[in-house]
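[1] Predicted model, plus sequence, below.
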Amino acid sequence: MYHKKLKLFPKDFLWGASTSAYQVEGGWNEDGKGPSVMDIGEHPANTSDFKITSDHYHHYKEDVALLAEMGFKVYRFSIAWTRIFPKGVGEINKKGIEFYNNLINELLSHNIEPIITMYHFDLPQALQLKGGWSNRETIDAFENYGRTLFINYGDRVKYWLTINEQNMMILHGSALGIVDSDGESIQKKLYQQNHHMLLAQAKVMKLCHVMCPNAKIGPAPNITSIYPASSKPEDVLAANNWSSIRNWLYLDMAVFGRYNTVAWSFMEEKGCTPKIEPGDMEVLSGAKPDFIAFNYYCTATVAESENAHSDRLSTGDQQIGLGETGVYLGAVNPNLPKTEFGWEIDPVGFRITLRELNERYNLPLLVTENGLGAFDKLEQGNVVNDDYRIDFLRNHIKQAQLAITDGVKLIGYCPWSAIDLVSTHQGFQKRYGFVYVNRDEFDLRDLRRIKKKSFFWYKNVILTNGNNL
Ligand code: BG6
């Protein structure tokens, strides 16, 4: 739809950007922090580990000052569960509590509201050793961790996110270094874990509403519209299948408290329906999010999966779904360019995704990730000319404004990432930040912070409330 006049971004629009603890903090074993599955896990060859990353743990004041210089209204970061509870449960680590108190206070002193992700891929290793999310005790551990966060930070934090990209942990955990093998045999285990995570999420959403009545809380999955590869009804059906399994399974539960029917029939077909204990469905339907946060990188295009009897296809990564036997087959969209790392670029798909979410759930939406990973180059004179990133973000923000004009209740935009950090599986060379961190894959150099061209551009976007792109 073409609009003669565009609506403006709301006056209180939440401009900011995002990071996650294990990708940005470093200090992986400092001040009592326990190991997480990310610290212990294997890394793809030739990529950095997560031990030092951008060393935000020691640079947080300098980093917050840079975010403030860009005019951030919000900053989305995650808390490392293992800084608070080194073993996931048990004794609280005071130094961990202190670090996030300092970070939150530093942000607030610069008029930046914290948006906190409670769990971003980094499950405590101690819990993993006891079965991780397969063990129902992890649900209680997460609730206890949530309670501790609300007690310690609930007086100052207004926005909470439960679990980052639960759908990607279930669908592409191997690309994220979270599950160690692919294949049908672990699918049953994964959907049981998914059920437990959904319960854990429902419990902390409810707890948040009781303990912090002025705060808002929501899930943070990776959501994208799915296109059929052609107008063939079978392709349209495949897109519908994949959308239910990839997107709506997670959000229908968070918002409506019920399993999506197509996703459930998929689990039945694959023999991987979760065991539901008495009382679970009451817990799941008894919690409601205040908003939906979601990460958007690009759309997916799929065709009918004709190879119903072949082996299960490889799982790909967060944005590249290769296929699921009898359900869908990943296809290339010939209309879209790709990033240097092979992810398609689709700003219009962002508007479509925003509309779809708005129509389905009728809740405020918060974009918690969107961005371009690239091989940035530090040029002479401390300059990083990341015009490609500016183009990417500009085109997406334009579509966000169109979506707002369409009637979508979009409350904020936090691209990935505030500063450079280690990517999930492609190391430090895949940079996303507005701030360049001077290190390479293995040489830590001086970890100096350098403002990229996009830093100055985004600063002006925020200053003009999105009027000057
Ligand atoms: C999301 C994650 O999947 O995408 C982030 O929430 C991640 O943790 C981001 O870094 C970009 O993906 P990648 O693989 O390029 O780091």
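    Cool, the structure landed.

[2] I'd assumed Phe294 was in a strand, is it?
    Yes - residue state for Phe294 (DSSP: H, G, I helix; E, B strand; the rest coil) corresponds to a strand.

[3] Beta-bridge partners for it, please?
    When bridges are called by DSSP bridges, Phe294 pairs up with Val367.

[4] mind checking the SS state of whichever residue of the chain sits closest to the ligand?
    Residue nearest to the ligand within the chain: Ser423 (3.2 Å; C-beta to the nearest ligand atom). For the C-beta atoms, the positions are set from N, CA and C on the backbone; glycine is no exception. At Ser423, secondary structure determined by three-state DSSP is coil.

[5] who's in contact with the closest residue to it other than its chain neighbours?
    The shortest distance from Ser423 to any residue that is not its chain neighbour, by C-beta to C-beta, 6 or more residues apart in numbering, is 4.0 Å, and that residue is Lys430. Counting by C-beta atoms under 8 Å, 6 or more residues apart in numbering, Lys430 touches 341, 373-375, 423.

[6] residues in contact with the residue of the chain closest to the ligand?
    For Ser423, the contact set (C-beta under 8 Å, 6+ apart) comprises 23, 47, 373, 430, 432.

[7] Let me know the distance separating it from Arg431.
    In this structure, Ser423 lies at 8 Å from Arg431, with C-beta to C-beta, to the nearest Å as the measure.

[8] do Ile404 as well
    Ile404 sits 29 Å away from Arg431 when distances are taken as C-beta to C-beta.

[9] what's the answer for Asn362, then?
    The gap separating Asn362 from Arg431 is 37 Å, by C-beta to C-beta.

[10] So the two - more neighbours on which side?
    For Asn362 against Arg431, the residue with the higher neighbour count under other C-beta atoms under 10 Å is Arg431, and the figures read 26 against 10.

[11] So in terms of bridging, what pairs with the more buried one?
    On DSSP bridges, the residues paired with Arg431 through beta bridges are Ala374.

[12] contacting residues for it?
    Taking C-beta under 8 Å, 6+ apart as the definition of contact, the neighbours of Arg431 are 373-376, 420.

[13] residues from this protein in reach of the ligand?
    20, 23, 164-165, 168, 222, 295, 318, 369, 373, 416, 423-426, 430 (C-beta under 6 Å from any ligand atom).

[14] Out of those, which one has the weakest pLDDT?
    Confidence by pLDDT is poorest for Gln318 among the residues of the chain next to the ligand, given 76.

[15] Next one, pLDDT for Trp343 please.
    For Trp343, the predicted pLDDT is 95.

[16] Looking at the residues of the chain next to the ligand, spot the one nearest Asp122.
    Distances from the residues of the chain next to the ligand to Asp122 were compared by C-beta to C-beta; the smallest belongs to Ser20, at 7.7 Å.

[17] how many neighbours does that closest one have?
    Using other C-beta under 10 Å, the number of residues around Ser20 comes to 27.

[18] Need the nearest residue in space to it, chain neighbours excluded.
    Spatial nearest neighbour of Ser20, chain neighbours left out: His120 (3.9 Å); criterion: C-beta to C-beta, 6+ apart.

[19] Surely Ile276 touches His195?
    Yes - at 6.9 Å, Ile276 and His195 qualify as touching, with contact defined as C-beta atoms under 8 Å.

[20] okay, these two: which has more neighbours?
    Comparing Ile276 with His195 by neighbour count (other C-beta under 10 Å), the higher total belongs to His195, at 23 against 13.

[21] now that one, what's its secondary structure?
    For His195, the secondary-structure state derived from three-state DSSP is helix.

[22] quick one, what contacts it?
    By C-beta under 8 Å, 6+ apart, His195 lies in contact with 274-276, 280.

[23] With secondary structure as extra columns, can I get those residues in a markdown table?
    Listed next are the contacts of His195 as a markdown table, based on three-state DSSP:
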| residue | secondary structure |
| --- | --- |
| Pro274 | coil |
| Lys275 | coil |
| Ile276 | coil |
| Asp280 | helix |
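
[24] Just name the closest of these to Leu103, please.
    The shortest separation between Leu103 and any of those is 35.1 Å, and it belongs to Asp280 (by C-beta to C-beta).

[25] isn't the closest one right next to Leu199, touching?
    Yes - A contact is recorded between Asp280 and Leu199 when judged using C-beta under 8 Å, the distance being 6.1 Å.

[26] Nearest spatial neighbour of Glu62, chain-adjacent residues omitted?
    Distances taken as C-beta to C-beta, 6+ apart place Arg449 nearest to Glu62, at 6.2 Å, with adjacent residues excluded.

[27] what about that neighbour, distance to His59?
    With distances defined as C-beta to C-beta, the gap from Arg449 to His59 amounts to 7 Å.

[28] What ranges in the stretch 101-250 of the chain fall below the confidence cut-off?
    The model of the stretch 101-250 of the chain has pLDDT under 70 over residues 180-184.

[29] what's Phe9 in contact with, if anything?
    Remark: with contacts taken as C-beta under 8 Å, 6+ apart, Phe9 is in contact with 400-401, 404, 465-467.

[30] again with Gln318
    Under the criterion of C-beta under 8 Å, 6+ apart, the contact list for Gln318 reads 165, 168, 172, 175-176, 222, 297, 424.

[31] Name the nearest residue to it, sequence neighbours excluded.
    Here the nearest residue to Gln318 in space, its sequence neighbours aside, is Met168; by C-beta to C-beta, 6+ apart that works out to 4.9 Å.

[32] I figured Tyr436 hits Ile450, correct?
    Yes - with contact defined as C-beta under 8 Å, Tyr436 and Ile450 form a contacting pair (4.2 Å).

[33] residues shared between the contacts of the two?
    Taking C-beta under 8 Å, 6+ apart as the contact rule, Tyr436 and Ile450 both touch 378, 384.

[34] which one of those two has more residues nearby?
    Of the pair Tyr436 and Ile450, Tyr436 is the one with more neighbours under other C-beta under 10 Å, namely 23 against 15.

[35] isn't the residue nearest to Ser20 right next to Ala21, touching?
    Yes - between His120 and Ala21 a contact is recorded at 6.4 Å, counting by C-beta under 8 Å.

[36] shared neighbours, those two?
    Ser78.

[37] Compare those two (neighbour count), which wins?
    The neighbour count for His120 versus Ala21, taken as other C-beta under 10 Å, is higher for Ala21 (29 against 24).

[38] Please consider this matter closed, and thank you.
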